[in-house]
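In: Okay, here's the prediction I keep looking at, along with the sequence it came from:
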Amino acid sequence: MEREERLSRLVDHIVANGSVHVEEVVETFQVSPATARRDLDTLAEQQLVSRTRGGATVNSISGDLPMRYRTVRRSQEKNSIGAAVAAMVTPGEVIAFNGGTTTTVAAYEVGVATSGDERFSGSVTTVVTNAVNIANDLIVRQNLRIVVTGGVARARSYELVGPLASLMLPEINIDTLFLGVSAVDLEHGLFTHHEGEAAVNAALVSLARRTYVVADSDKFSATAFARICGLDDVQGVITDSGTDESTLDVLRGRGLDVVVG
């Protein structure tokens with residue numbers, strides 16, 4: 001297990017149990033006591049946990065993991081979705097990404113694809129995003145023009161939210177939005193954890209000619225607080241091979257284009 005993935009899982013373990021002892025870390029993650037202590041010290045330095053004598057406990061922000069600890073989860077599934085997204089991008093169009101771990105991976109794949117594909121050398125493809133980490137990743141790609149919405153950045157998702165975003169968004173057109181979500185409810189629609197993110201994401205959906213939800217299979221059993229929009233407001237879903245066939249049938253029955261990466 002890579003260290004970043006182990007740290008992510010260790011935070012989850014501490015949040016779920018309230019605290020952890022070094023001996024428990026050693027047994028659970030099959031590491032040495034010295035490594036267990038270093039991992040706990042690292043998380044404490046990041047203010048994700050509070051260090052105690054012989055272990056660590058949760059603190060007020062333990063459940064609000066920064067993006068760098070969440071991106072490593074389900075990496076294979078996210079990579080397959082990202083590759084499918086990259087294959088759908090047409091040179092010269094305007095695409096958009098909101099924030100999230102899956103969209104971050106997808107945006108990276110788009111950047112790699114547009115740099116290595118001769119079809120993109122004669123035109124500029126525009127990427128609109130409200131995620132500052134995605135903008136940072138893509139700005140070095142010469143065949144891409146990066147447009148960032150206004151707003152206040154959230155530490156959890158790196159998304160820009162708030163009323164400043166509404167000043168710019170009505171002035172642009174988007175061909176394809178790749179929408180990351182926290183949960184997909186087949187009856188009630190698409191959800192995220194923060195109402196500010198939901199508002200900006202809904203605005204992006206309303207501006208896009210077509211919207212594809214990018215969601216790994218876990219999102220179909222997850223729940224989240226703030227509704228973005230209904231399934232009838234999007235045109236397709238890009239997911240991984242772990243999604244149940246019955247779920248895919250429901251999506252297709254709703255008239256959605258289903259792509260399995």
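Out: Noted; the coordinates are in hand.
In: Can you list the low-confidence ranges for the protein?
Out: 16, 60-74 (pLDDT under 70).
In: ok, now with 50
Out: Applying pLDDT under 50 to the chain picks out residues 63.
In: Wait, a helix at residue 201?
Out: Yes - assessed by DSSP: H, G, I helix; E, B strand; the rest coil, residue 201 belongs to a helix.
In: For it, give me its contacts.
Out: Shown in contact with residue 201 (Cβ atoms under 8 Å, 6 or more residues apart in numbering): 98, 179, 181, 192, 228, 229. For every residue, glycine as well, the C-beta is placed using N, CA and C.
In: Repeat the analysis, applying 6 Å as the threshold.
Out: By Cβ atoms under 6 Å, 6 or more residues apart in numbering, residue 201 lies in contact with 98, 228.
In: can you count the residues close to residue 214?
Out: When counting by other Cβ atoms under 10 Å, one arrives at 30 neighbours for residue 214.
In: who does it bridge with?
Out: Note on residue 214: beta-bridge partners by DSSP bridges are residue 180, residue 238.
In: Would you check that it makes contact with residue 101?
Out: No - using Cβ atoms under 6 Å as the test, residue 214 is too far from residue 101 to be in contact (10.0 Å).
In: what touches both of those two?
Out: By Cβ under 6 Å, 6+ apart, no residue touches both residue 214 and residue 101.
In: so where do the helices sit in the stretch 151-261 of the chain?
Out: 163-168, 195-207, 245-253 (DSSP state H, counting those that start in this stretch).
In: May I see those organised as CSV, with distance to residue 24 added?
Out: Compiled in CSV, these are given as follows (distance: least, Cβ to Cβ, whole Å):
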stretch, distance to residue 24
helix 163-168, 43
helix 195-207, 34
helix 245-253, 36
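In: Tell me which of the ones you listed is the most buried.
Out: helix 195-207 (a mean of 21; mean count of other Cβ atoms under 10 Å).
In: I'd like the distance between the residue lying farthest from the centre of the chain and residue 21.
Out: Using Cα atoms, centre = their mean, the residue of the chain lying farthest from its centre is residue 53. It sits 35.0 Å away. To residue 21, residue 53 is 10 Å away according to Cβ to Cβ, to the nearest Å.
In: Kindly report the same for residue 29.
Out: Counting by Cβ to Cβ, the gap from residue 29 to residue 21 is 13 Å.
In: again with residue 244
Out: 38 Å.
In: now residue 188
Out: Applying Cβ to Cβ, the value for residue 188 to residue 21 is 41 Å.
In: Compare the two (neighbour count), which wins?
Out: Remark: of residue 188 and residue 21, residue 21 carries more neighbours, 15 against 11, as counted by other Cβ under 10 Å.
In: wait, what's in contact with the more buried one?
Out: Taking Cβ under 6 Å, 6+ apart, one finds 54, 55 in contact with residue 21.
In: any chance you could map the strands in the stretch 101-250 of the chain?
Out: Assigned strands in the stretch 101-250 of the chain, in chain order: 125-129, 144-148, 152-153, 160-161, 174-180, 183-185, 189-192, 208-214, 226-229, 236-239 (criterion: DSSP state E, counting those that start in this stretch).
In: Please produce a markdown table containing those strands, extended by distance to residue 91.
Out: Compiled in a markdown table, those are given as follows (distance: least, Cβ to Cβ, whole Å):
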| stretch | distance to residue 91 |
| --- | --- |
| strand 125-129 | 6 |
| strand 144-148 | 11 |
| strand 152-153 | 30 |
| strand 160-161 | 27 |
| strand 174-180 | 12 |
| strand 183-185 | 30 |
| strand 189-192 | 28 |
| strand 208-214 | 17 |
| strand 226-229 | 28 |
| strand 236-239 | 20 |
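In: Thanks again, I'm all set now.
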